[in-house]
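Undergrad: fold the following and give me the result.
(one chain, ligands or ions: 3)
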Amino acid sequence: MALIVQKFGGTSVGSIERIRDVAKIVKTELDNDNKVIVVASAMSGVTDHLINLSLQVSNLETDDQRMEYDAILATGEKVSSGILSLTLQSMGIKARSWQGWQIPILTDEFFTKGRIKTIDATTLLTSIANDEVPVITGFQGVFNDRVVTLGRGGSDTSAAAIAVASHADRCDIYTDVDGVYTADPRIVPNAHIHSYITFEEMLEMAAAGSKVLHMRAVEIAAKFKLKLRVLSSFSQAQGTEIVSKEVGMEGHQVTGIAIDKNISCWEVECPPDKQNHFLRLFEAFEKNALSLNQIIMVDGRALLVLPSMDSIRVNSVLTPLGYKPKELSQLAQVSVIGIGVKADSTILQKVFKILSVNGINILAANTSGIRISFLVPESQGDSAVICLHDGLGLENI
Ligand code: ADP
Ligand code: ASP
Ligand code: MG
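TA: Numbers count the residues shown, from 1 in each chain. Ligands and ions are numbered 1, 2, ... in the order given. Predicted structure coming up:
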């Protein structure tokens, strides 16, 4: 008997029909004499809808406002976990939904982007011991009796953390594609599926915008040596296993191409005493819980790349401090990930050549570790992914 955490994403629970299929996947594991803990995302489109409603009435400038935003967003997962529990019950399976605060899953105080501090698994383990299937709301925890959400895509992180806290044998992330590919298969139809990928590679892919796995879920799994798989709730395909370096051996020269379109770029002029101004800038970001993906500083000017969700607050945070932030037109960040970026200098050369031959306009580039990232006009983002995938021959790796 094994204890398995199964997480189902938005499309997997996107309709009653889909939820019935998901319930069958849960039942299959139970029929194999395994115990299951389920983590559910909101039904597809629901979180987007709730965000849209909230942003019509607030710019989320204060903690009080972000607290309400989290209370609104958390409702999506409450519905899907309840419907999935009811569906399991209708199949004769003892199931019970649990919200993050009921477990409890304790987070820090950063509303809209909370990080999990601790999970007390006692309630969960009692539920399992009573032959129940706990169905837990993903994406949320609690701080001082207020619900806190974990950031977009955060249900994966809920699942990984719950798996660690309950000493599960593995964590299966069910989604709407067959596993982790060399690029988003919706952009590159002939992308190659990885049967395994190392934690290091997956972390970079996720950090660079491959939303198939939330980066913090990968971090948790790597830290606690959790067995993590990505697989489809729509097919019987084997999926992708995330493995340690020792198992992954040397890996691939290039693991994949990622694109992040959910970014916003700002140019900020800094007055003469540069050091202090950069410091004040960082302090303002920190104090207001604004995330920074990247910062490029040249000659008293800074180019800031941040998640687009945070961009609505840049003006209200920086203008009172005397900065004049200017938003640059729509950009996307395209990244090439693989140990070859670090180990094989010809890869960099190849990458720049492919982009140049294909007329891709590079506005900024930087490399770090096993990743090289470029800022390109958003309108050229998908083409950049396709030509890099093709030019580097990734369909055949
Ligand atoms: P879920 O709702 O199941 O959490 P997400 O939409 O968060 O699903 O993530 C799955 C999506 O990630 C896929 O539909 C795919 O478009 C996208 N994706 C981006 N990069 C990759 C990649 N390298 N491999 C597989 N899917 C990817
Ligand atoms: N429902 C949340 C989102 O859409 C969390 C998740 O799906 O992982 O971002
Ligand atoms: Mg997701």
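Undergrad: quick one, strands of the stretch 201-350 of the chain?
TA: When assigned using DSSP state E, counting those that start in this stretch, the strands of the stretch 201-350 of the chain occupy the ranges 228-232, 240-243, 256-260, 263-269, 294-298, 301-307, 326-327, 331-337.
Undergrad: hmm, I was thinking of the stretch 51-200 of the chain
TA: Per DSSP E, counting those that start in this stretch, the stretch 51-200 of the chain has strands spanning 95-98, 105-107, 116-119, 133-137, 140-143, 146-149, 170-175, 196-198. These are given in chain order.
Undergrad: which one of the ones you listed lies closest to residue 67?
TA: With C-beta to C-beta, the closest approach to residue 67 among these belongs to strand 146-149: 5.5 Å. For every residue, glycine as well, the C-beta is placed using N, CA and C.
Undergrad: of the strands of the stretch 51-200 of the chain, which approaches ligand 3 most closely?
TA: Nearest to ligand 3 among the strands of the stretch 51-200 of the chain is strand 170-175 (6.6 Å), distances taken as C-beta to the ion.
Undergrad: can you list contacts of the closest one?
TA: 2, 4-9, 11-12, 22, 25, 156, 159-160, 163, 212-213, 217, 221, 226-233, 239 (C-beta atoms under 8 Å, 6 or more residues apart in numbering).
Undergrad: now the residue of the chain found nearest ligand 3: closest residue in space, sequence neighbours ignored.
TA: Shortest the chain-to-ligand 3 distance, computed as C-beta to the ion: residue-wise this is residue 153, at 4.2 Å. Of all residues beyond its chain neighbours, the one nearest residue 153 is residue 214 (4.2 Å), with distances taken as C-beta to C-beta, 6 or more residues apart in numbering.
Undergrad: and that neighbour, what's its pLDDT?
TA: Among the per-residue scores, residue 214 shows a pLDDT of 98.
Undergrad: residues from the stretch 151-300 of the chain in reach of ligand 3?
TA: Listed as neighbours of ligand 3 in the stretch 151-300 of the chain under the rule C-beta under 5 Å from the ion: residue 153.
Undergrad: gap between residue 322 and residue 268?
TA: Relative to residue 268, residue 322 is positioned 11 Å away (C-beta to C-beta, to the nearest Å).
Undergrad: higher neighbour count, those two?
TA: Set side by side, residue 322 and residue 268 give different neighbour counts by other C-beta atoms under 10 Å, the larger being at residue 268 (20 against 10).
Undergrad: OK, contacts around that one?
TA: Under the criterion of C-beta under 8 Å, 6+ apart, the contact list for residue 268 reads 281, 301, 302, 303, 304, 318, 323, 324, 325, 326.
Undergrad: how far away is the nearest residue to the third one once chain neighbours are set aside from ligand 2?
TA: Of all residues not flanking residue 302 in the chain, residue 268 sits nearest, at 4.7 Å (C-beta to C-beta, 6+ apart). With distances taken as C-beta to the nearest ligand atom, to the nearest Å, residue 268 is found 29 Å from ligand 2.
Undergrad: repeat for residue 316
TA: With C-beta to the nearest ligand atom as the criterion, residue 316 and ligand 2 are 24 Å apart.
Undergrad: for the nearest residue to that residue once chain neighbours are set aside, grab phi and psi.
TA: With sequence-adjacent residues excluded and distances taken as C-beta to C-beta, 6+ apart, residue 316 is closest to residue 61, at 5.6 Å. The phi and psi torsions at residue 61 (degrees, to the nearest 10) take the values phi -80, psi -30.
Undergrad: now do the same contact list for the spatially most central residue of the chain.
TA: Nearest residue to the geometric centre of the chain (C-alpha atoms, centre = their mean): residue 214, 2.6 Å. In this structure, residue 214 makes contact with 151, 153, 154, 155, 156, 157, 206, judged by C-beta under 8 Å, 6+ apart.
Undergrad: where does the stretch 201-350 of the chain have low pLDDT?
TA: For the stretch 201-350 of the chain, the stretches with pLDDT under 70 are 246-251, 271-275.
Undergrad: please report the distance of the residue in it positioned nearest to ligand 2 from residue 30.
TA: Nearest residue of the stretch 201-350 of the chain to ligand 2 (C-beta to the nearest ligand atom) works out as residue 214 at 6.7 Å. Residue 214 sits 26 Å away from residue 30, going by C-beta to C-beta.
Undergrad: repeat that for residue 8.
TA: In this structure, residue 8 and residue 30 are separated by 15 Å, where distance is defined by C-beta to C-beta.
Undergrad: which of these two has more neighbours?
TA: Legend: neighbour count by other C-beta under 10 Å for residue 8 and residue 30, higher for residue 8 (31 against 17).
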